[in-house]
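Enquirer: here is my input; please provide its structure:
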Amino acid sequence: MNDADLRGQLESLHSESFGWALACCRRDRDDAEEVLQMAYLAVLDGRAQYHGRSAFRTWLFGVIRLTALSLRHRRWLRRVLLIRNAHRVDASAEHEALDAGLIQRDRAARLQRALEQLSERQRSLLQLVFYHGLTVDDAAETLGISVGSARTHYARGKAKLAVLLDSERRA
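Expert: Numbers count the residues shown, from 1 in each chain. Purely as a prediction, here's the structure:
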């Protein structure tokens, strides 16, 4: 499907898509708008690709549903981490905040170096699952590979990434 057709389909289904996004977001209008924008962006930038195995509307509603689930999951995880770490706040929080920024940048750099050592397929799968909130099955569809191959590369990529990060942390 070319870009113009894709945009036309999205435009023609916008009202229904927004209604579905509202349903997926428990009728929260702000969340529905955010989810719909994220889903449209995923479709338009190619992270979510329509392959014609179902009706476009069915596929699009799946993208919206998965985007809403991903948003809820990220927010839940953020809350859990905040609750778990709330007891760590003390008078030296200002200094810790400065140190945390440096530590975060260092961790991000180590992670980037480790990711670059993975194969392209492993790196792509891990990025789709961890950073874009796709399931392994959805990532397989996005990359155009079988689910079995995706699961294998995902497991191997996670294992290799853990080893690489561990060895870099010890260095």
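
Enquirer: after the lowest-mean-pLDDT helix or strand in the chain, next one along is what?
Expert: Here the helix or strand of the chain ranked lowest by mean pLDDT, DSSP states H and E is helix 93-116, holding a mean of 75. On the C-terminal side of helix 93-116, the nearest following helix or strand under DSSP states H and E is helix 120-126.

Enquirer: how about the residue nearest to the spatial centre of the chain, what does it touch?
Expert: For the chain, the residue nearest the mean C-alpha position is His132 (1.6 Å; C-alpha atoms, centre = their mean). The contact partners of His132, by C-beta atoms under 8 Å, 6 or more residues apart in numbering, come to Ala42, Arg47, Ser70. Placement of C-beta: from N, CA and C, glycine included.

Enquirer: find the nearest non-adjacent residue to Leu111, please.
Expert: Nearest residue to Leu111, sequence neighbours excluded (C-beta to C-beta, 6 or more residues apart in numbering): Leu165, at 7.0 Å.

Enquirer: so that neighbour: helix, strand or coil?
Expert: helix (DSSP: H, G, I helix; E, B strand; the rest coil).
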